[in-house]
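K.L.:
Build me a model from this:
(one chain, ligands or ions: 2)
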Amino acid sequence: MRTVDEHLADILGSVAVLPPLDLALLEAQGAVLAEPVSAPVPLPPFDNSAMDGYAVVAADIAAATETDPVALPVVGDIAAGDTGVSAIRPGLTARIMTGAPLPAGADAVIPVEWTDGGNATVLISRAAPPGHYIRRAGEDVSAGQVVVAAGTRLAAPQLGMIAAVGRSRVTVRPRPRVVVVATGDELREPGDPLAPGQIWESNAYMLTAAVVEAGGVGYRQATVEDEPGRVLEMLEDQLARADAIVTTGGVSMGTRDVVKEVLSGTGTVGFHKVRMRPGKPQGFGLLQGTPVFTLPGNPVSAYVSFQVFVRPALRAMQGLEPEPLPKVSAVLAEDVKSPPGLRHYLRAELSFSNGSHTVTAAESQGSHQLGSLASANALIELPEDVEAVPAGSHVEVMRLPS
Ligand SMILES: Nc1nc2c(c(=O)[nH]1)N[C@H]1C(S)=C(S)[C@@H](COP(=O)(O)OP(=O)(O)OC[C@H]3O[C@@H](n4cnc5c(N)ncnc54)[C@H](O)[C@@H]3O)O[C@H]1N2
Ligand code: MOO
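P.N.:
Ligands and ions are numbered 1, 2, ... in the order given. Coordinates of the predicted model:
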């Protein structure tokens, strides 16, 4: 038997960071930036107007009021995108649009709402200080500034920022491609009829979705029956497209636990009992350099094993800290018991009210009971040395991805 921490350390000591890739911006969504991206020019690149209105010399309209507006001749129109150089002299104004370059000589913009909207001459009915409604060059980002740091996962705001500094491609750690495959003669596809003794396959659907939630690309592979030759053939085929493989089922003590049978001693794969519940039987190792996680078949065991072992490994493959799911401390609403010597992950409902978190363990905690996982939003994590925790105690709780 090994501890959760020992098994995780073994995994993290074996997985390598994926090599960097140069990708077009939209292909890089969800990948992790492998280089710092900096601005080649300031943003905005030039002083420009924040409003549709009139560019003026502030001093010219210092006396403007509703009852005594100032009249200024309009010498031109400046639209966003105008590339010509424009200028005004004191006593004149130019109509200007949001984002248009400020004409030389102007030091304020008056929004059209403060005027009569005139074309040849405009009446301005309010004064404004110099700088009014002007967006200065560089006030967003200065030239040379790093706008997205290496190691950042690229979501919408970062992709927008990188485009805004003129980059169409970036060097990233790609999202790991993870093949998920269920094993078991009893498994049928959802949608197909069941014969007695059969069940619908659910683990590979659940874990393929969990891969995506963890930042990877998930491929659900067709279920493989409990036949050693077929399992090995499938694994070898999948190595071509996988950065990692996750299997479920066939790793305990039965006579047909073929994953264990086929992979024991293959590559560096080893099988261990881990001091945890659920998720005791685990296998992990490299097959031709590719990490293979052989998770137990009980659905909740498979899911908890994924969050505890596979998710941190996928993060490490992207060069990120292999941190666990985010944890909070919560007050236990009801007493719980825990098996001695095992780290216990209990499905639970976490809620927040009056400034503190409260957590209630689900009634059903069997590792086949997917129902209580589907209605949980958290896992209570009880350390190995804990056997009973009374209501009112503080416990560590992992939030499940939602
Ligand atoms: N004698 C022992 N028996 C078992 C032990 C043990 O230590 N000694 N460990 C138990 C624990 S704990 C677990 S967890 C399971 C792990 O079993 P396997 O990984 O070999 O998984 P299977 O036997 O193939 O299946 C277990 C269970 O889960 C159902 N299953 C499997 N795959 C799927 C799937 N893709 N979708 C839905 N359900 C699935 C399967 O029908 C079984 O009911 O072993 C215990 N036994
Ligand atoms: O360890 Mo098993 O995962 O408890 O059912």
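K.L.:
Surely G197 is in contact with E186?
P.N.:
Yes: assessed by Cβ atoms under 8 Å, G197 is found in contact with E186 at 6.2 Å. Placement of C-beta: from N, CA and C, glycine included.
K.L.:
Can you give me every residue that contacts the closest residue to G371 other than its chain neighbours?
P.N.:
The spatial neighbour of G371 that comes closest, neighbours along the chain excluded (Cβ to Cβ, 6 or more residues apart in numbering), is S364 at 6.6 Å. Neighbouring residues of S364 by Cβ atoms under 8 Å, 6 or more residues apart in numbering: R347, G371, S372.
K.L.:
Repeat that for Y54.
P.N.:
Neighbouring residues of Y54 by Cβ under 8 Å, 6+ apart: L72, V74, T93, A94, R95, I96, V109, I110, V112, T115, V122, I124.
K.L.:
switch to 7 Å and redo it
P.N.:
Y54 sits next to T93, A94, R95, I96, V109, I110, T115, V122, I124 when contact means Cβ atoms under 7 Å, 6 or more residues apart in numbering.
K.L.:
and it, which of the three is it?
P.N.:
Three-state assignment for Y54 (DSSP: H, G, I helix; E, B strand; the rest coil): strand.
K.L.:
Who is it paired with across the strands?
P.N.:
Under DSSP bridges, the beta-bridge partners of Y54 are R95, I110.
K.L.:
number of nearby residues for the spatially closest residue to E201 that is not a sequence neighbour?
P.N.:
Using Cβ to Cβ, 6+ apart and skipping residues adjacent in sequence, the residue nearest E201 is L187, 4.1 Å away. By other Cβ atoms under 10 Å, 21 other residues sit near L187.
K.L.:
my guess is L187 meets E225, correct?
P.N.:
No: under the criterion of Cβ atoms under 7 Å, L187 is not in contact with E225, lying 8.5 Å apart.
K.L.:
Please name the residues that touch the closest residue to S252 other than its chain neighbours.
P.N.:
Spatially, and ignoring its direct neighbours in sequence, S252 is nearest to P281 (4.7 Å; Cβ to Cβ, 6+ apart). Shown in contact with P281 (Cβ under 7 Å, 6+ apart): V251, S252, K273, P296.
K.L.:
okay, the contacts of S364 in a markdown table with neighbour count and distance to ligand 2 next?
P.N.:
What follows is the contacts of S364, written out as a markdown table (neighbours: other Cβ atoms under 10 Å; distance: Cβ to the nearest ligand atom, whole Å):
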| residue | neighbour count | distance to ligand 2 |
| --- | --- | --- |
| R347 | 26 | 13 |
| G371 | 13 | 15 |
| S372 | 18 | 14 |
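K.L.:
which parts of the stretch 151-300 of the chain sit against ligand 1?
P.N.:
Residues of the stretch 151-300 of the chain lying near ligand 1 by Cβ under 6 Å from any ligand atom: 182, 184, 186-187, 199, 201-204, 248-254, 257, 278, 280-281, 296-299.
K.L.:
let's see it at 8 Å
P.N.:
Contact residues, the stretch 151-300 of the chain versus ligand 1 (Cβ under 8 Å from any ligand atom): 182-184, 186-187, 199-204, 223, 226, 248-254, 256-257, 259-260, 273, 277-281, 294-299.
K.L.:
Which strands or helices does the helix or strand where V180 lies pack on?
P.N.:
Using DSSP states H and E, the element containing V180 is strand 177-183. Applying 3 or more Cβ pairs under 7 Å, 6 or more residues apart in numbering; DSSP states H and E, we find strand 177-183 packed against helix 203-213, strand 217-224, helix 228-238, strand 244-248.
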